[in-house]
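What would the 3D arrangement of this be:
(chains A and B)
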Amino acid sequence: DTGVSQNPRHKITKRGQNVTFRCDPISEHNRLYWYRQTLGQGPEFLTYFQNEAQLEKSRLLSDRFSAERPKGSFSTLEIQRTEQGDSAMYLCASSFSTSDTQYFGPGTRLTVL
Amino acid sequence: AQKITQTQPGMFVQEKEAVTLDCTYDTSDQSYGLFWYKQPSSGEMIFLIYQGSYDEQNATEGRYSLNFQKARKSTNLVISASQLGDSAMYFCAMREGQGRGKLIFGQGTELSVKP
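Sure thing, here's the model as predicted:
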């Protein structure tokens, strides 16, 4: 399968714990994006990378959130001290920098108890 | 103000008929891109079709086509010959400006195809 992959697919955690999600983009794509989607809403942009550089961050990305793409390939999104409001689907997408079209992975569903 | 507005929370269509899903957008940029994605109950966002702001012809992709009216800032998705597998959430999205990555999504329309 050469699509975008995300792990884990589901994560249940207790409030206050840290969680980390991983995204592997389509191998030729140099851009990688993170979005968050809550129930009944469209995805909201969090951040994106071109190669290893983080080019834009949303104000939604509080101090508890950090994303990395150290070698310009896979990316991780870490949430520290999780809160119940962090419960959502976290979507990753990738694209070429020369193309507008973003291809999404299956998402990681986070539930914070 | 909402950047992307989808005014139809839910739509029903009979199998084999055509359906139009509405989307209006708000931007002051001259260069922008408009997208439609499908999200089945499994959760994955599936890219359907793209229209660039400078494209003079309406985009088409198989059974999907766009009715792009730039002056009215609308980009409605037309699905022809609906199939049961078309039942899903449909999201309209916009990329503002040239070379930027961020997509702004609407709230979606839930389409149900009846047999």
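
how close does the closest residue to chain A within chain B get to B:Thr24?
Nearest residue of chain B to chain A: B:Phe105, at 3.2 Å (CB to the nearest CB). Yep, even glycine has a C-beta here, placed from its N, CA and C like the rest. Taking CB to CB, to the nearest Å as the measure, B:Phe105 falls 14 Å from B:Thr24.

Which neighbours do these two have in common?
B:Ile4 (CB atoms under 8 Å, 6 or more residues apart in numbering or on different chains).

Output the below-cut-off pLDDT ranges for the chain.
Picking chain A for this. A:1 (pLDDT under 70).

think we crossed wires, I meant chain B
B:1.

residues from it in reach of chain A?
B:4, B:33, B:35, B:37, B:42-47, B:50, B:52, B:91, B:93, B:95, B:99-108 (CB under 8 Å from any CB of the partner chain).

same thing but 7 Å
B:33, B:43-45, B:47, B:50, B:91, B:95, B:101-103, B:105-108 (CB under 7 Å from any CB of the partner chain).

can you tell me which of these are in strands?
Counted as lying in strands by DSSP state E, out of those, are B:33, B:47, B:50, B:91, B:95, B:105.

would you list every one of the strands in chain A?
Under DSSP E, chain A gives strands at A:5-7, A:10-13, A:19-24, A:31-37, A:44-50, A:53-57, A:65-68, A:75-79, A:88-95, A:103-104, A:108-112.

do chain B as well
Going by DSSP E, chain B shows strands at B:4-5, B:10-14, B:19-21, B:24-25, B:32-39, B:46-52, B:60-61, B:64-69, B:74-79, B:88-96, B:104-105, B:109-114.

Report the closest residue of chain A relative to chain B.
Closest point on chain A to chain B, by CB to the nearest CB, is A:Gly42, at 3.2 Å.

Point out the residues in chain A that sit beside chain B.
A:31, A:33, A:41-43, A:45, A:48, A:55-56, A:89, A:91, A:100-104, A:106-107.

Need the strands of chain B in a markdown table (columns: mean neighbour count).
As requested, the strands of chain B are arranged in a markdown table below (neighbours: other CB atoms under 10 Å in any protein chain shown):
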| stretch | mean neighbour count |
| --- | --- |
| strand B:4-5 | 20 |
| strand B:10-14 | 13 |
| strand B:19-21 | 18 |
| strand B:24-25 | 19 |
| strand B:32-39 | 23 |
| strand B:46-52 | 18 |
| strand B:60-61 | 12 |
| strand B:64-69 | 18 |
| strand B:74-79 | 21 |
| strand B:88-96 | 23 |
| strand B:104-105 | 21 |
| strand B:109-114 | 17 |
